[in-house]
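**Student:** Next input, structure requested:
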Amino acid sequence: MATIQRTTARVFYYARNVLRDIAPQALFRRRLAGRLEQARLSDQAVRRRLNYYNKLQHVFSPSPAAVRLDKLPSTPTMYYYDLKEFARYFDPALLVDVEFGDVIDVPKVPTLVKDRPIHADDENAVIMKFNKFRHFYMPADATAFADKRPAVVWRGDLNNPKRTRFLDAVRDLPFCDAGSHKPNAPAEYSKPFLSISQQQHYRYIVSLEGNDVATNLKWILNSNSLCLMPLPTYETWFAEKQLEAGVHYVPLDPDFADVTEKVRYFEHHPAEAQRIIAAANAYCRQFSNEQEEQAISLLVLYKYFVLSGQIKPDPEVWRFIQG
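**Tutor:** Residues are numbered from 1 along each chain as shown. From the prediction side, this is the model:
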């Protein structure tokens with residue numbers, strides 16, 4: 001259930017992007033050199049992150065299915081706008097392989113994606129910050145950990161066995177308020193809807209992957225609640241693979257038999273819980289610098305077009321990318 005502020009933000013998101021599409025696109029292309037020069041002056045963290053999202057190292061050719069930048073698929077609209085925000089700085093005739101939506105396998109050719117499975121051979125999955133309005137909504141949390149309800153909460157769609165397994169494991173635990181608010185949820189799993197602000201009143205919030213990553217993970221880690229979750233198996237622009245168990249979140253066993261043990265431990269060691277929360281908050285802050293976020297997005301695309309042989313690299317910008 002969207003708040004007035006969230007609805008207003010959505011309207012602003014679409015209005016801003018529609019205006020960008022209406023504006024003469026040549027204006028953006030003339031600014032590319034200046035934007036790249038500004039990005040080149042960024043720090044090592046920007047270089048590290050852009051090369052993490054775009055791990056390509058060798059020259060390649062776009063596939064026969066690649067599309068021109070001026071012919072990008074327009075749905076889902078938020079994916080389109082999130083890509084077009086930076087693609088509009090480049091020649092509209094450039095080709096790109098792109099896969100919108102939830103990606104569960106690494107593409108066979110270098111492709112722009114929102115997410116990728118976490119394993120070693122993932123170079124072809126070039127991550128962009130897609131669907132960021134939904135996935136990077138991280139509202140502030142004004143309630144201190146000590147002042148929260150000493151209980152566990154989870155809400156979500158039962159779209160995979162992992163989530164159902166979790167609900168079965170905690171069904172009889174009196175300190176767990178877990179269930180699905182979706183209309184199609186079986187009666188034994190059904191629970192009333194809780195907004196993000198309502199869930200933030202619990203000390204412990206569980207994050208469970210759905211079709212790919214867990215949408216709630218970012219706002220949980222940005223809150224004053226302790227995040228409990230199994231080891232992640234997918235990652236997005238949030239770089240879930242880089243999260244450390246016991247540092248940024250509390251790991252849960254695959255069968256969730258340790259929920260009681262973990263909650264009991266942190267109820268007796270609140271200082272340790274707050275240490276983990278502080279580390280999680282610090283991790284989230286790296287995504288709050290909009291200038292750096294834009295520089296990384298532009299450089300991820302630039303590197304893709306250089307290695308696909310479609311543009312000649314500027315020596316200074318390329319030297320920055322390669323380190």
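**Student:** Could you check how far stretch 10-20 is from the centre of its chain?
**Tutor:** Per C-alpha atoms, centre = their mean, to the nearest Å, the displacement of stretch 10-20 from the mean C-alpha position of its chain is 21 Å.
**Student:** what mean pLDDT would you report for it?
**Tutor:** The average pLDDT for stretch 10-20 rounds to 95.
**Student:** same thing with stretch 254-270?
**Tutor:** 98.
**Student:** That stretch: end-to-end distance?
**Tutor:** Distance between the two ends of stretch 254-270: 24 Å, counting by C-alpha to C-alpha, to the nearest Å.
**Student:** Next: stretch 25-36.
**Tutor:** Length of stretch 25-36, first residue to last, C-alpha to C-alpha: 17 Å.
**Student:** and what of stretch 190-201?
**Tutor:** Between the opening and closing residues of stretch 190-201 we find a distance of 20 Å, counting by C-alpha to C-alpha.
**Student:** which outside residues touch it?
**Tutor:** Under the contact criterion C-beta atoms under 8 Å, 6 or more residues apart in numbering, stretch 190-201 has outside partners 1, 3, 137, 139, 141, 143, 148-149, 153, 155, 177-181, 185, 205, 216, 219, 223-225. Just so you know, the C-beta spots here come from the backbone N, C-alpha and C atoms, and that holds for glycine as well.
**Student:** Do a quick rundown of the helices in the stretch 101-250 of the chain.
**Tutor:** Secondary structure of the stretch 101-250 of the chain by DSSP state H, counting those that start in this stretch: the helices cover 132-135, 161-170, 196-199, 217-221.
**Student:** Any buried residues in the first one, and which?
**Tutor:** Pointing back at helix 132-135 there. Neighbour counts over helix 132-135 (16 or more other C-beta atoms under 10 Å) mark 132, 135 as buried.
**Student:** same question for it, mean pLDDT?
**Tutor:** pLDDT averaged over helix 132-135 equals 94, rounded to a whole number.
**Student:** and it, how far out from the chain's middle?
**Tutor:** Average the C-alpha atoms of helix 132-135, do the same for its chain, and the two points are 7 Å apart (C-alpha atoms, centre = their mean).
**Student:** which helices and strands does that helix pack with?
**Tutor:** helix 4-22, helix 77-87 (3 or more C-beta pairs under 8 Å, 6 or more residues apart in numbering; DSSP states H and E).
**Student:** circling back to that earlier point, going through the contacts of stretch 190-201, which ones are buried?
**Tutor:** For the contacts of stretch 190-201, burial is judged from neighbour counts taken by 16+ other C-beta under 10 Å, and it is met by 141, 143, 148, 153, 155, 177-180, 185, 205, 216, 219, 223-225.
**Student:** ok, so of these, who is nearest residue 87?
**Tutor:** residue 219 (27.8 Å; C-beta to C-beta).
**Student:** which ones are touching the nearest residue to that closest one once chain neighbours are set aside?
**Tutor:** Excluding the flanking residues, the one nearest residue 219 by C-beta to C-beta, 6 or more residues apart in numbering is residue 138, at 4.8 Å. By C-beta under 8 Å, 6+ apart, the residues touching residue 138 are 218, 219, 222, 284, 287.
**Student:** Next up, phi/psi of residue 138, please.
**Tutor:** Phi and psi for residue 138, reported as degrees, to the nearest 10, are phi -130, psi 80.
**Student:** domains of this protein?
**Tutor:** The chain breaks down into these structural domains: 12-135+289-322, 145-285 (assignment by automatic domain parsing).
**Student:** Ends of the first one, what's the gap?
**Tutor:** Domain 12-135+289-322 has an end-to-end distance of 37 Å (criterion: C-alpha to C-alpha).
**Student:** now it, how far from the chain's geometric center?
**Tutor:** Relative to its chain's centre, domain 12-135+289-322 lies at 15 Å (C-alpha atoms, centre = their mean).
**Student:** Could you do the last one as well?
**Tutor:** What separates the centre of domain 145-285 from the centre of its chain is 16 Å, taken as C-alpha atoms, centre = their mean.
**Student:** Please identify the most buried of the helices and strands packed on helix 132-135.
**Tutor:** helix 77-87 (a mean of 20; mean count of other C-beta atoms under 10 Å).
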